[in-house]
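A.B. asks: dropping a prediction and its sequence here:
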Amino acid sequence: MTTQLALTRPSTQAQTPRLSIRDLRVGFAAGGRTRQAVHGVSFDLAPGRCVAIVGESGSGKSVTARTLVGLTGAGAVVDGAIALGGDDSAESIDLTTQTDRDWRSIRGRRIGFVQQDALVSLDPLRPVGAEIGEALRLHGWKDRAARERKVIELLASVDVPWPKLRARQRAGELSGGLRQRALIASALAMDPEIIIADEPTTALDVTVQAQVLSLLQDARTRGTSIILISHDLSVVASLADDIIVMRGGEVVEQGEAASVLAGPQHPYTQSLIDAVPGGHTRGERLAPQAREVPNLHLTRAHTRERGEPVLEARDLVKNFVTPDGRLTQAVDHVSFTLHRGETLGIVGESGSGKSTTARIALALETADAGDVTLLGQPWSAVSESRRRGLRPHIGVVYQDPLSSFDPRWNVQRILLDAIPADAGLNRAQKTQRVRDLLAQVALPADVADRFPLRLSGGQRQRVAIARALATSPEVLVLDEAVSALDVSVQAQILDLLADLQREYGLSYLFISHDLGVIHHLSDRVLVMKDGIVVEEGESDQIFYAPEHPYTRELVASLATLDASGSPTLLVHRRNENFLH
């Protein structure tokens, strides 16, 4: 299925570039050889324009971004020309010749840099206000009192609530969205001519993502030039004037956003567009290649009539005590029923209670009230010893499989450890079972000998799914299982999950903040906010005719289908038809 992204924003006339890149090549020297990461990138960045660089992990987009702020890293070999245009008091300068000292006067003052992982980028031991104020101090901006006032103004300008309080807090005390806004405030501190934003919205809630993009849009409207690095074309379409598509360090397509998105010329660009999930892709494959799922002993899924309840929750309540001693209700009388062979999506922002609900469903968290039944039998309200016989029937796949793998174990040992001890298999049969599991998730047999750190993100997630399938479960709980993946790798995993469900009748409880993924995969959807289910219904009803104001707000922040059902993905910041 070919999907086109509609983009109606008119282009502006050509202006003198603030940044001009010609034949940029970046390599890394190691062991007497140079590995080329970027091959011949060229583009201009004009005032008030946004150039988006799009591609998967390893495409060279982030190396390009870091080179433009002098942070390429040790062993880097940079060739080509990077000219930073002169302002009222300076001539154009060649950024490839700048020393570390020179860069300290450029970075922050003329070029701001926003990285993806705000928790890592911000010093966990310093208040956020001190971090932002440091950028002002390093460039000799006024006195300490003036800098403190400026920090509050900057936090307020990026819509951080209670900016005086937030300035005193550390990064770990802020939500992901607040941390990302603090990073943007730091990048804006010296009012730079250019902002380079490297995956600034990855893994953020859809509403927070919209807010971050809105902040960048506001800066662009004021005349700031922006380079946006992303793997997500639906994000790029909302902001970019021009798009550069990279693959394997090379530019495969380049041009005005409207042209690239409406009529992609390169098959790779088209595959990135087709991989964007949503209601328009329901029932369709996202990745280009089909695959066969071998018959690998998941037989229990066929022993019961399809459509019966397999996981039921009734009036779940869970309270937590916050660090300041307040009692907060994370889950507030949540109920749901998951039927055999269906996918029930649970969507909501961070802090909505969706992951706590999933942990209670897995009997990894104890509810303060309410109960869960699995395959019609008591589950959450019984002891772990009584649950032991049912435990193989339910599996889980998390967002970050690497943190759940023992790094000392290779894939074979990880999967062997997951095969039930009472399966009655001898050594040879267990080895064959590992091969079968790898084949089931479309991985070659030689992956068994590799360690998790030697696998790509997509391969690790496939191993995590294989591990979850080792017990032949009937229910899988997937908690943000694709949110950290490139859009094309995400597409492959979503196709894999659909294949497995169709073949074996698996039931999925799918937890995500990504509404496009939820709409693509789910049969029914629960929308959660502040621990409460605010809306529940069939997937299309939730996305095309939402009733609750919060659901309408979520949908309005999403790249979604035209109401007519056209396979055109409209990107918008706010759809008033949903709000009124």
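C.D. replies: Thanks, I have the structure now.
A.B. asks: give the buried residues for the helix ranked longest in the chain.
C.D. replies: Under DSSP state H, the helix in the chain containing the largest number of residues is helix 487-504. Using 16 or more other Cβ atoms under 10 Å as the test for burial, helix 487-504 gives 487-501, 503-504. In short, each C-beta sits where N, CA and C put it, glycine included.
A.B. asks: just the residues contacting the helix or strand that contains residue 24, thanks.
C.D. replies: Per DSSP states H and E: residue 24 is located in strand 19-30. Residues outside strand 19-30 that contact it (Cβ atoms under 8 Å, 6 or more residues apart in numbering): 34-45, 60, 63-64, 67-68, 72-73, 75-85, 194, 225, 227.
A.B. asks: now stretch 53-63
C.D. replies: Contacts of stretch 53-63 (Cβ under 8 Å, 6+ apart): 26, 37-39, 41, 64-65, 72, 198-199, 227-231, 233, 236, 243-250, 272, 456-457, 486-489.
A.B. asks: what residues sit buried inside stretch 93-107?
C.D. replies: 93, 95, 98, 106, 107.
A.B. asks: oh, I was asking about stretch 528-548
C.D. replies: For stretch 528-548, by 16+ other Cβ under 10 Å, it's 528-529, 531-537, 539-540, 542-544, 546.
A.B. asks: list the ones among the residues you listed that fall in strands.
C.D. replies: Those of those mapping onto strands are 528, 529, 532, 533, 534, 535, 536, 537, per DSSP state E.
A.B. asks: nearest to residue 174, of those residues?
C.D. replies: Nearest to residue 174 among these: residue 529, at 19.5 Å, using Cβ to Cβ.
A.B. asks: phi, psi for residue 367 please.
C.D. replies: phi -80, psi 150 (degrees, to the nearest 10).
A.B. asks: that one is in contact with residue 359, isn't it?
C.D. replies: No - assessed by Cβ atoms under 8 Å, residue 367 is found out of contact with residue 359, at 9.7 Å.
A.B. asks: can you give me the end-to-end span of stretch 134-147?
C.D. replies: End-to-end distance of stretch 134-147: 9 Å, with Cα to Cα, to the nearest Å as the criterion.
A.B. asks: quick one: mean pLDDT for it?
C.D. replies: Stretch 134-147 shows a mean pLDDT of 92.
A.B. asks: quick one: buried residues of it?
C.D. replies: 134, 135, 136, 147.
A.B. asks: pLDDT below threshold where in the chain?
C.D. replies: 1-15, 86-90, 117-120, 203, 289-306, 322-324, 559-580 (pLDDT under 70).
A.B. asks: still on that earlier bit, farthest pair within the buried residues of stretch 93-107?
C.D. replies: With distances taken as Cβ to Cβ, the most widely separated pair in those is 93 and 107, at 13.0 Å.
A.B. asks: shared neighbours of these two, anything?
C.D. replies: Shared contacts of residue 93 and residue 107 (Cβ under 8 Å, 6+ apart): none.
A.B. asks: so which residues make contact with stretch 127-142?
C.D. replies: Applying Cβ under 8 Å, 6+ apart, the contact partners of stretch 127-142 are 104-105, 108-109, 122-123, 147-148, 150-152, 154-155, 166-171, 174, 179, 182, 185-186, 189-190.
A.B. asks: cool, and stretch 154-167?
C.D. replies: Defining contact as Cβ under 8 Å, 6+ apart, one finds that stretch 154-167 is touched by 127-129, 132, 148, 151-152, 174, 178, 181-182, 184-186, 188-189, 211, 215.
A.B. asks: then stretch 96-113?
C.D. replies: Contacting residues not belonging to stretch 96-113 are listed as 65, 68-71, 78-82, 84, 87, 95, 135, 138-139, 186-190, 192-196, 198 [Cβ under 8 Å, 6+ apart].
A.B. asks: in the stretch 351-500 of the chain, what residue spans correspond to strands?
C.D. replies: 369-374, 377-378, 394-397, 475-479 (DSSP state E, counting those that start in this stretch).
A.B. asks: gap between stretch 190-200 and the chain center?
C.D. replies: 20 Å (Cα atoms, centre = their mean, to the nearest Å).
A.B. asks: over to stretch 41-49?
C.D. replies: Mean-position distance between stretch 41-49 and its chain equals 26 Å (Cα atoms, centre = their mean).
A.B. asks: can you give me the end-to-end span of it?
C.D. replies: 18 Å.
A.B. asks: can you check stretch 196-204 too?
C.D. replies: Length of stretch 196-204, first residue to last, Cα to Cα: 18 Å.
A.B. asks: got the contact list for that stretch?
C.D. replies: Identification of contacts with stretch 196-204 by Cβ under 8 Å, 6+ apart yields 62, 65-66, 68-69, 111-116, 176-177, 180, 183-184, 187, 208-209, 212-213, 216, 226-232, 235, 480, 483-484, 513.
A.B. asks: picking up where we left off before, so which of the contacts of stretch 154-167 sit within helices?
C.D. replies: Among these, the ones falling in helices (DSSP H) are 128-129, 132, 148, 151-152, 178, 181-182, 184-186, 188, 211, 215.
A.B. asks: and the buried ones among those, selectable in ChimeraX?
C.D. replies: A single ChimeraX command selects the buried members of those (16+ other Cβ under 10 Å):
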select :128,129,132,148,151,152,178,181,182,184,185,186,188,211,215
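A.B. asks: what's the separation between residue 487 and residue 127?
C.D. replies: Using Cβ to Cβ, to the nearest Å, residue 487 is found at 36 Å from residue 127.
A.B. asks: can you check residue 444 too?
C.D. replies: Taking Cβ to Cβ as the measure, residue 444 falls 49 Å from residue 127.
A.B. asks: who's more crowded, the two?
C.D. replies: residue 127 (18 against 10; other Cβ atoms under 10 Å).
A.B. asks: in PyMOL, select just the buried ones from the contacts of stretch 196-204.
C.D. replies: Here the buried members of the contacts of stretch 196-204 are turned into a PyMOL selection, burial being counted by 16+ other Cβ under 10 Å:
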select buried, resi 62+65+66+68+69+111+112+113+114+115+116+176+177+180+183+184+187+208+209+212+213+216+226+227+228+229+230+231+232+235+480+483+484+513
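A.B. asks: among the contacts of stretch 196-204, which ones are in strands?
C.D. replies: Using DSSP E, the subset of those located in strands is 111, 112, 113, 114, 226, 227, 228, 229, 230.
A.B. asks: out of those residues, what pair is the most spread apart?
C.D. replies: Greatest spatial distance among these (Cβ to Cβ): 111 and 230, at 18.4 Å.
A.B. asks: all strands of the stretch 151-300 of the chain, in order?
C.D. replies: Counting by DSSP E, counting those that start in this stretch, one finds strands in the stretch 151-300 of the chain at the ranges 194-198, 225-230, 242-247, 250-256.
A.B. asks: give the buried residues for the last one.
C.D. replies: Right, the one you point to is strand 250-256. Using 16+ other Cβ under 10 Å as the test for burial, strand 250-256 gives 251, 252, 253, 254, 255.
A.B. asks: secondary structure added to the buried residues of stretch 134-147, as TSV?
C.D. replies: Supplementary listing: these in TSV, determined by DSSP: H, G, I helix; E, B strand; the rest coil:
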residue	secondary structure
134	helix
135	helix
136	helix
147	helix
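A.B. asks: just curious, which of these is nearest to residue 380?
C.D. replies: Residue 380 lies nearest to residue 134 out of these, by Cβ to Cβ, at 48.1 Å.
A.B. asks: still on that earlier bit, which one of the buried residues of strand 250-256 is nearest residue 281?
C.D. replies: Nearest to residue 281 out of the buried residues of strand 250-256 is residue 253 (Cβ to Cβ; 21.7 Å).
A.B. asks: who's in contact with the closest one?
C.D. replies: 243, 244, 245, 260, 264, 265, 266, 268, 269.
A.B. asks: are any of those buried, and which?
C.D. replies: Neighbour counting by 16+ other Cβ under 10 Å classes 243, 244, 245, 260, 264, 268, 269 among the contacts of residue 253 as buried.
A.B. asks: in helices, which of the buried residues of stretch 93-107 fall?
C.D. replies: Using DSSP H to define helices, the subset of these located there is residue 106.
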